[in-house]
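> With the sequence up front, the predicted model follows.
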Amino acid sequence: MTMAEPVGGRFGDFGGRFVPETLVPACEELEKAFRSAWSDQGFRAELTRLLADYAGRPSPLTECRRLSEELGLRLLLKREDLNHTGSHKINNVLGQALLATRMGKTRLVAETGAGQHGVATATAAALLGLECVVYMGEVDMERQALNVFRMQLLGAEVRSAASGSRTLKDAINEAMRDWVATVESSHYCLGSAMGPHPYPWMVRELHRVIGDEARGQCRRLLGRDPDVVTACVGGGSNAIGIFSGFAAGDAALVGVEPAGGAAIGRGVPGVVHGSKSFLMQDEHGQVLEAESISAGLDYPGIGPEHSHLAAIGRARYESVADDEVVAAFELLSRAEGIIPALEPAHALAWVSRAREELAGQVVLLNLSGRGDKDVAQMMGRLGGR
Amino acid sequence: MGADPGPLEAALRARRSQGGKALVPYLTGGLGDWLAALAAAADAGADALEVGIPFSDPVMDGPVIQQANDRALGEGITPLGVLDALGRLDAGVPLAVMAYYNIAFRFGLERFASVLAERGVAAAILPDLPLEEAGPWTAAADASGVETVLLAAPTASDERLQRICARTRGFVYGVGLLGVTGVRGELASSAVVMAERLKRLTDLPVLVGVGVGTPEQAQEVCRVADGAVVGSAVVRRMLDGGGPDAVGELVGRFRRALE
């Protein structure tokens, strides 16, 4: 299969546009604007230039020699951690910020969990001279205080989301409420491949560069696709980006969710934040609060295309516990000299656990972000040995 | 169109044909002494009552109704708990529930519609279910005789408003401003414009809500609109510790302002 444009805003049974009536025209306008921009060579060239000269693309593919030997497989890392701002998020944000400018919007609204998407959005806003407001859960503002300050340095206003679980899902609620009130001047720069149509499609297309580059890099290195492509999944943007380069081939696609936020592992279909997808919820339809070691994956839902890939069996979804993630975080640091963000450490935790199943195979892992932001938290947990 | 109007539309049309303006107060189900407050609101002159089913992620609501949702959920209310209680309430006016779509979806659309009908609830308002996504729900609602009230927002073109007016039942719910529910210092100019645009397009009752928070604001918008929906002002009164009497007193003031 190839990952095409969703039909009628839907990926199979999932997706759609479940938003307050006020936002429907804005979603329609955004869909039209993105379709036009994405087929405009001038827009594509400008984005490609920014991704190269500003964000540092292409990101390298790193072969992990010591760790491969230890695990008994061949591990390749797609180094999104080396992008400007430290994660894959910049790909999506530069595209959306350029699009916002093209649409005549002067203000970006964003949500953030760990702060990576917020920092990336604040960066793009500074670059393009846009006003920027980032909503962040109160709990996350505490555990990612450095990123709050980074966003402020970049000229963004960070507003706390103090309702509900005070984490990512509540930051999304606040960002949507802001957008309902400011839709004429603001673009909602959503940070994952979720939300109402066209976001899941648009965000995937903006991260497709990860998969396209990695496929070319694998061809040059191996002469073929890897056997397995894996990535961590919260909303699922880095995973959908790398999957999109390999879905048409034979590689197994494996998304890795935190055990405390496993929408596919523990959820049932539901509708929140604009689309129908798997969702952790109680028997009455109340959305449950996700809880994991990584603020960036603390989300009870998942992007609709992942639900579709799971439903048709093209991708499978595993979940890992916090302790396994911490072990993987240390493992990559010591074995390869790469301190990963806690989010992609989830994918490595699964690889490590599944090493027998994966013995002798080539495994491509999307290293979606670097661990600087998590060092203080891990020092607390590991005791600064 | 062409079908007989349901009880909600009939009540609102009756008010209009008597030369009056309709008043629809909103309360969050499960919040404090909400059933007695609903009865008090009806006694004080409400034409219909809107009851919110609490939800964990109410994206169309401002801080007051969010807090009411959180508090009601904390007190253990469930969707079926709200509906069962409404089934035992004899308010003497039509009832509408306001439910975010996931509540109905998780319940099962057909089951949700039939439970509404069995409990005597005339209508449903689903604030995150726009026209394009409403088909499966409206099919279930129509089959059970439940009126589905659609929202119309200032951002819509006239062409879109026409399609909304053609599909809504009960009344058309004009959103008074760009923003979420809550009381503002003054009525947004968009509220009257919204009412004017809708009145040109439909003979259905046109009610405006969102940002209508004082009797004076209700009076102002009802110079054009057929009525007003008042939510946060009423809910805030309950959050501040007001009981059914306080709710009745407030609804009475809105009623008198609309005479």
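Happy to help now that I have it.
> Residue of chain B nearest chain A, please.
Relative to chain A, the nearest point of chain B is B:Arg106 (3.1 Å; Cβ to the nearest Cβ). The way it works is simple: take the backbone N, C-alpha and C, and place the C-beta from them, glycine included.
> what about that residue, is that helix, strand or coil?
What DSSP: H, G, I helix; E, B strand; the rest coil gives for B:Arg106 is helix.
> Could I get the contacting residues of it?
Each residue near B:Arg106 by Cβ atoms under 8 Å, 6 or more residues apart in numbering or on different chains is listed here: A:270, A:281, A:283-285.
> now, which of those residues lie within helices?
Counting by DSSP state H, no part of these is found in helices.
> Show me which of the residues you listed are buried.
A:270, A:281, A:284-285 (16 or more other Cβ atoms under 10 Å in any protein chain shown).
> The residues you listed: which ones sit near chain B?
Near chain B, judged by Cβ under 8 Å from any Cβ of the partner chain, the entries from these are A:270, A:281, A:284-285.
> related to what we said a few turns ago, from the contacts of B:Arg106, which single one is nearest chain B?
When the contacts of B:Arg106 are compared against chain B (criterion: Cβ to the nearest Cβ), the nearest one is A:Gly285, at 3.1 Å.
> Next one: B:Glu159 from A:Gln281, what distance?
36 Å (Cβ to Cβ, to the nearest Å).
> Quick check: the most centrally placed residue in chain B vs A:Met136, distance?
For chain B, the residue nearest the mean C-alpha position is B:Glu50 (4.3 Å; Cα atoms, centre = their mean). Using Cβ to Cβ, one gets 33 Å for the distance from B:Glu50 to A:Met136.
> domains for chain A, by residue range?
As recorded under automatic domain parsing, the domains making up chain A are A:10-50+A:89-199, A:57-87+A:208-382.
> ok so, going back, make sure I have this right: the residue nearest to the centre of chain B is in a strand.
Yes: the assignment for B:Glu50 is a strand, going by three-state DSSP.
> which parts of chain A sit against chain B?
A:16-26, A:163-164, A:169-170, A:173, A:176-177, A:180-184, A:269-274, A:276, A:279, A:281, A:283-287.
> What score does A:Ser165 have for pLDDT?
pLDDT for A:Ser165: 78.
> My understanding was that it contacts A:Met280; is that so?
No: with contact defined as Cβ atoms under 8 Å, A:Ser165 does not count as touching A:Met280 (11.4 Å).
> Give me the common contacts of those two.
Residues touching both A:Ser165 and A:Met280 by Cβ under 8 Å, 6+ apart: A:Ala290.
> neighbour-wise, which of the two wins?
A:Met280 (23 against 20; other Cβ atoms under 10 Å in any protein chain shown).
> Near residue 35, how many other residues are there?
As the question left the chain open, I've gone with chain A. The burial count for A:Arg35: 14, using other Cβ under 10 Å.
> oops, chain B please
By other Cβ under 10 Å, 19 other residues sit near B:Leu35.
> Can you say which helix or strand has it in it?
Counting by DSSP states H and E, the element that carries B:Leu35 is helix B:34-43.
> pretty sure B:Pro58 belongs to a helix, no?
No: with three-state DSSP as the criterion, B:Pro58 is coil rather than part of a helix.
> pLDDT wise, what is it at?
Listed pLDDT for B:Pro58 reads 96.
> Find the residue closest to it in space, skipping its chain neighbours.
Once flanking residues are discounted, B:Pro58 sits nearest to B:Asn69: 5.3 Å by Cβ to Cβ, 6 or more residues apart in numbering or on different chains.
> now do B:Ala152
Computed as Cβ to Cβ, 6+ apart, the closest residue to B:Ala152 that is not its neighbour in sequence is B:Ile164, at 4.9 Å.
> measure that neighbour to A:Ser59 for me?
Per Cβ to Cβ, B:Ile164 is found 46 Å from A:Ser59.
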